[in-house]
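>>> Sequence plus the predicted model coming up.
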Amino acid sequence: MNEYDSSRLAESLAVSHGYRETDAPENADLLLLNTCSVREKAQEKVFSLLGRWRPWKVNNPNLVIGVGGCVASQEGDVILKKAPFVDFVFGPQTYHRVSEMLDDAISARSQSVDITFPEIEKFDCLPPRRVEGPRAFVSIMEGCSKYCSFCVVPYTRGEEYSRPFDSVITEIYELAEQGVREVTLLGQNVNAYRTTDHMNQELDFATLLRYISQIDGIGRIRYTTSHPLEFTDGLARAHRELESLARHVHLPVQSGSNKILTKMKRRYTRESYLEIIANLRNHCPEVSITSDFIVGFPGESEEDFQATMDLIDEVQFDQSFSFLYSKRPGTPAAQLSDDASIEEKKDRLHRLQGKLNAYAANVSNAMVQSDQTVLVEGPSKRSNGQLCGRTENNRVVNFDGSLDWIGKFIDLRITETMTNSLRGVAVATHIKDSQTARIG
């Protein structure tokens, strides 16, 4: 989400002021810090970086500095008090107003703060997308109304609000015309998307996916992050029925213990989560399941932790993310008592990640000698002279090929597994949706 916000902000400033990005921040005319407050010590990191920027402001009084994102939403005026050399502060819902705030900072040298929550207004104010490469993010909703006890997002990004259907479809059409072949739909709870179409008919996330799948040029659709409460049977069926919808679902579970899930206010149980997975696999047996886990939540016992380990064995997740619980100021969980030591929590995290890595390795090894369709993204960052792409289950593959293949879907035979990627050999390139050309 932050990557998307940053790219849209850069696009907007390129149109409004002619700014271009630089790799030499010490020589910049404008420095913007887009922040995230999901993890611990976010505020400290922000002020630490601002401290390193301060000498540049001293040496160049015309330098303009802005701070945005979720930490900005939490701290507001406090940022200007602690770092008075900052010119303006903006929230994640108001980055479309940065051009105006920038003008005020340049012309009047006045400081400003805007951390309000205007409903979806920014999408009406931002310029059309201008992207490079065959992949793009598309934000379809904002905010979160789940209020999990550990999470700060509802307080920094506001309540859930779905972007209008016509706005989403128009943006994806425009991206397809620019050569985008894969879109990733974004939202704090992306599958909670609910809106009406141009005929004023209600539609949900699964229906939106069906419309997007009919857009010429879009060969693959992904989405993140989904929530178990909104994972409908219609969405599970879409993974079977829509050829362009990746057979990959990231569905955070956080814990395998019902006691901890209740404390987290996740509003589902271990059993209901397993029912979702079973139904999804019934509709789409080849689907890859990834997840998020929080270790060391207040009150987590060894028995609770073992329930999570057992859940991993039952589901056999593909690649997943795991984190030590991080107390976020202002959240209900921050008030919970916690008896477990940090050493015990780190030991649990190590054991959990070891189990997840083992299942991920099993999936990678099983892919060797299989044929996988990847979208060629461009030159490999790790292997000189090679290209790279991603499989449906989001694994990076490096392979030999022609630069003419960039932006095309290629069938690869997986030949080798590496620590964080795969190696492959091209078998066929897709000329049209219904045609392929054999290679070699």
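Structure received.

>>> Show residues contacting stretch 98-112.
9, 12-13, 16-17, 30, 32, 64, 66, 68, 80, 86-90, 114 (CB atoms under 8 Å, 6 or more residues apart in numbering). Glycine gets a C-beta too; all of them are placed from N, C-alpha and C.

>>> redo that, cut-off 7 Å
9, 12-13, 16-17, 30, 64, 66, 80, 87-88, 90, 114 (CB atoms under 7 Å, 6 or more residues apart in numbering).

>>> where does Val138 land in three-state SS?
strand (DSSP: H, G, I helix; E, B strand; the rest coil).

>>> Need the nearest residue in space to it, chain neighbours excluded.
Val183 (5.2 Å; CB to CB, 6 or more residues apart in numbering).

>>> So that neighbour versus Ile212, what's the distance?
From Val183 across to Ile212, the span is 7 Å (CB to CB, to the nearest Å).

>>> Need the overlap of contacts for these two.
Common neighbours of Val183 and Ile212 (CB under 7 Å, 6+ apart) are Ile172, Ile218, Ile221.

>>> what sits against the first one?
Which is Ile172. Contacts of Ile172 (CB under 7 Å, 6+ apart): Val138, Val183, Ile212, Ile215, Ile218.

>>> Of all pairs in these, which one is the farthest apart?
Val138 and Ile215 (11.3 Å; CB to CB).

>>> and those two? which has more neighbours close in?
Val138 (20 against 17; other CB atoms under 10 Å).

>>> quick one: that one and Glu171 touch, right?
Yes - counting by CB atoms under 7 Å, Glu171 is a contact partner of Val138 at 5.9 Å.

>>> which residues are common contacts for those two?
With CB under 7 Å, 6+ apart, Val138 and Glu171 have no common neighbours.

>>> Partner strands of the helix or strand harbouring the residue nearest to Val138, with direction?
Using DSSP states H and E, Val183 falls within strand 182-186. In the sheet, strand 182-186 lines up against strand 135-139 (parallel), strand 220-224 (parallel) (DSSP bridges).

>>> neighbours around Ala278, how many?
Other residues close to Ala278 by other CB under 10 Å number 12.

>>> Assign it to helix, strand or coil.
Going by three-state DSSP: Ala278 is helix.

>>> And it, how far from Tyr173?
36 Å.

>>> just Arg423 next, same as before
36 Å.

>>> who has more neighbours, the two?
Arg423 (17 against 14).

>>> May I have the phi/psi pair for the residue nearest to the more buried one when sequence neighbours are not counted?
Among residues not flanking Arg423 along the chain, Glu416 sits closest, at 4.0 Å (CB to CB, 6+ apart). With angles defined as degrees, to the nearest 10, Glu416 sits at phi -160, psi 150.

>>> what number of residues lie near Glu416?
Residues near Glu416, counting by other CB under 10 Å: 13.

>>> Kindly report the same for Asp292.
14.

>>> Local confidence estimate at it?
Per-residue pLDDT puts Asp292 at 97.

>>> Next: Ile439.
Confidence score, pLDDT, at Ile439: 56.

>>> what does Asn200 give?
Value listed for Asn200 in the pLDDT field: 85.

>>> when you give positions from now on, start the count at 6
That works, and once the first residue is 6, the last one we named lands at Asn205.
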